[in-house]
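Q: Dropping a prediction and its sequence here:
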Amino acid sequence: MIDFKLTRTTSATPEAVFDALTDHASYAAMTPLRSSELIQPGEPAPNGVGAQRKLGLVGPPLVEEVTEYVRPSRFAYKLVSGLPVRNHTGVVEITGLPEGSRVDYHVQSTPTVPGLGLVMGPIVKQAIKGLLDGVIKAAEKR
């Protein structure tokens, strides 16, 4: 199983972090992703629950679906397709601090092939780290 948590602090407000994090169509402009596209709007529109985003880095694109959208404190998604895993979820909790925000990003995933987690785990963690760093940098510019 792949299971990790990344924590960052930032001078950005929780609202700015949440808005950057949920701006799915802009991920390619603020993160290492090659492409990002909102392929299905959610509720509240466009980036809320039920929204699907297609993300490209290397290999086949990933499709993820938003499962929780509680502005400005909590965002969650599940992987629909693109990796040899099942039950892949990401949960982001944003806590306001006197000087900005704390962001906790928790990922869990079960590879479909035994032992694949040893290879995939560090790759997924590095990809999420790059995404989180880009989102925070964008939030700090808002």
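A: Alright, I've got the coordinates.

Q: My read is that Lys125 contacts Val107, right?
A: Yes - counting by CB atoms under 8 Å, Val107 is a contact partner of Lys125 at 7.5 Å. (Each C-beta comes from the backbone N, C-alpha and C, glycine too.)

Q: Going C-terminal from the helix or strand bottoming out on mean pLDDT in the chain, what's the next secondary structure element?
A: Each helix and strand of the chain was given a mean pLDDT (mean pLDDT, DSSP states H and E); the minimum falls on helix 27-30 at a mean of 88. Using DSSP states H and E, the helix or strand that follows helix 27-30 towards the C-terminus is strand 35-40.

Q: What helices and strands are in contact with that following strand?
A: When contacts are defined as 3 or more CB pairs under 8 Å, 6 or more residues apart in numbering; DSSP states H and E, strand 35-40 packs onto helix 27-30, strand 52-56.

Q: Extract the C-alpha trace of the first one and format it as PDB.
A: Translated: helix 27-30. C-alpha atoms of helix 27-30 as PDB (Å, rounded to 0.1, in the frame of the first residue of the first chain):
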ATOM      1  CA  TYR A  27      -2.600  23.000 -12.900                       C
ATOM      2  CA  ALA A  28      -0.300  22.900 -15.900                       C
ATOM      3  CA  ALA A  29       0.500  26.600 -15.500                       C
ATOM      4  CA  MET A  30       1.500  26.300 -11.800                       C
END
